[in-house]
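Colleague: sequence-free structure coming up:
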């Protein structure tokens, strides 16, 4: 009941305080008081929106229901922390959820500067509460310093007409009306005070900050920004953007790395609507040039782009990519001047599977840029039951040029690959796959399965029964699946998509969607095996391993849906991430 009256009380207190804080009202925005050499930072302009989400009764009930929280609540240190919070509540005369809103409600800005300098600026809605809290913390710090025999550790000195405090350990801070300025260096606090007085060049005039602000929009809850010119001077960052070591990583992230390599700044905006967190990241660089080594990952024509993800039962994750595989492989010498042993092995195996056909001009040239990957929970044979470790089904769906010709070529390669698998398993005296053909909704497809006739323990079948690989062709699409069940679902999805004439998402080169509840369910189904693995490989106790996994499962279970869309908008690289939360 009390929570219903908090907004009314807070509004009333702010209204009563206005006549007494006329000077604070004229305080410049925090960004105008921060030195312009900030490398990166985070600004929360509407903290109350985030606090309302995190401190809502639904969210608090969910957190309190977590096993990890309940175990922590029983710990002595947790009770000490609660006692400390209760002490502050008593001294300040306000409960901590309401206090957070009053102390942070005006906005928060955190910036990182060269030589590991950090500045935090907090604008409180209630300046008196901020001063009361400072007085309490000052008394505690003075008491601790006296006990340690270092009373001079807590001190203050005047600067630019204000008082700069330090409680020790290189910390320095100042109270400016409703504003707290805090840093790990006294010199940075002094710079903030100088900028406040003189109004010279500041973070607000920095191109990266201005771009991030514009990209985030007016309704933003918060934003982050980074000076990429500085970050790219770090050896690891520079190497990651210019010399990809892993072919798969290059295939997936080359376009993003290329855009970042030509950008001076990065902006990230956050909005909140109906329990959905909406992130938008923008780089200041233009589009990827046609001759770039990452050109294979960027749509060239206006209507080109990744296709929408396919919807199948039990979908855990869907990934849709726009990647010109022929262009990617043709640029391998430029992308990987020193080809890895893994890439050489891949080339040799492809030569066997595709009967010596040229991989670039005869095999990959038959694929179109639209590629989709699907991960979904499996439906197991009820007569056998689920294996002791349950793996999700996964599949790749390729859009091809000459469907019949490419289908036959893929069938030949697929059968050779299964033959190699059977030969290898036979050498180890392990059961092999039995090749078969089946029909689903008029589509004839190939599959391979493990025989169940010799299975003795049907209570916990072997891990191999997670696999029943299948190959199917549906129109211009080629499906390669780890299970025949998922292959059937994809046949249905592709037929439905064809009937609806689904179009590509213009200028999007990567689309990723994840169902948190389904992902949590597959982890929960393998809880015992994952706990044992954590105990053996990481040396965790059973309680620690269970606690870590339970936290992960609980958090994932509250992500109803996450969707990442990466591409180009208005000539600039842009990424959008929506995370819809499922609060009880």
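Modeller: Now that the structure is in, tell me what you want to look at. Since the structure is predicted, the reported quantities are computational estimates derived from the model, not experimental observations.

Colleague: so where is the stretch 401-550 of the chain shaky, pLDDT-wise?
Modeller: The stretch 401-550 of the chain contains residues with pLDDT under 70 at 457.

Colleague: Mind jotting down where the strands sit in it?
Modeller: When assigned using DSSP state E, counting those that start in this stretch, the strands of the stretch 401-550 of the chain occupy the ranges 433-440, 443-450, 470-474, 477-481, 508-514.

Colleague: Where does the prediction get shaky in the stretch 201-350 of the chain?
Modeller: In the predicted model of the stretch 201-350 of the chain, residues 243-245, 286-291, 339-341 satisfy pLDDT under 70.

Colleague: show me where it has strands.
Modeller: 222-227, 265-273, 276-283, 315-322.

Colleague: Reformat those strands as TSV; add mean neighbour count and distance to residue 241.
Modeller: No exception for glycine: its C-beta is placed from N, CA and C like everyone else's. TSV is the format used below for the strands of the stretch 201-350 of the chain (neighbours: other CB atoms under 10 Å; distance: least, CB to CB, whole Å):
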stretch	mean neighbour count	distance to residue 241
strand 222-227	22	13
strand 265-273	21	12
strand 276-283	19	12
strand 315-322	22	20
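
Colleague: still on that earlier bit, relative to residue 194, which of the strands of the stretch 401-550 of the chain is closest?
Modeller: Closest approach to residue 194 among the strands of the stretch 401-550 of the chain (CB to CB): strand 508-514, 44.8 Å.

Colleague: Pull up the pairing partners for the closest one, direction included.
Modeller: strand 315-322 (antiparallel), strand 559-569 (antiparallel) (DSSP bridges).

Colleague: Relative to residue 379, how far out is residue 209?
Modeller: Applying CB to CB, to the nearest Å, the value for residue 209 to residue 379 is 51 Å.

Colleague: which one of these two has more residues nearby?
Modeller: Neighbour count, other CB atoms under 10 Å: between residue 209 and residue 379, residue 209 has more, with 25 against 15.

Colleague: Please name the bridge partners of residue 164.
Modeller: residue 157, residue 174.

Colleague: pretty sure it is touching residue 191, no?
Modeller: No - using CB atoms under 8 Å as the test, residue 164 is too far from residue 191 to be in contact (11.6 Å).

Colleague: Report the set of residues contacting both of these two.
Modeller: The overlap between the contact sets of residue 164 and residue 191 (CB atoms under 8 Å, 6 or more residues apart in numbering) is empty.

Colleague: where exactly do the helices run in the stretch 101-250 of the chain?
Modeller: Assigned by DSSP state H, counting those that start in this stretch, the helices in the stretch 101-250 of the chain fall at 127-147, 186-198, 207-216, 228-231, 235-242, 247-261.

Colleague: wait, the stretch 451-584 of the chain
Modeller: So, for the stretch 451-584 of the chain - with DSSP H, counting those that start in this stretch - the helices run 484-500, 516-525, 527-538, 542-557.

Colleague: Then the stretch 301-450 of the chain?
Modeller: Going by DSSP H, counting those that start in this stretch, the stretch 301-450 of the chain shows helices at 325-330, 332-335, 341-353, 403-427.

Colleague: what's the angle between the third one and helix 247-261?
Modeller: What it means is helix 341-353. 130 degrees (axes from the mean of the first three to the mean of the last three CA atoms, to 10 degrees).

Colleague: now the longest one
Modeller: Angular relation of helix 403-427 and helix 247-261 on a 0 to 180 degree scale: 130 degrees, by the same axes, to 10 degrees.
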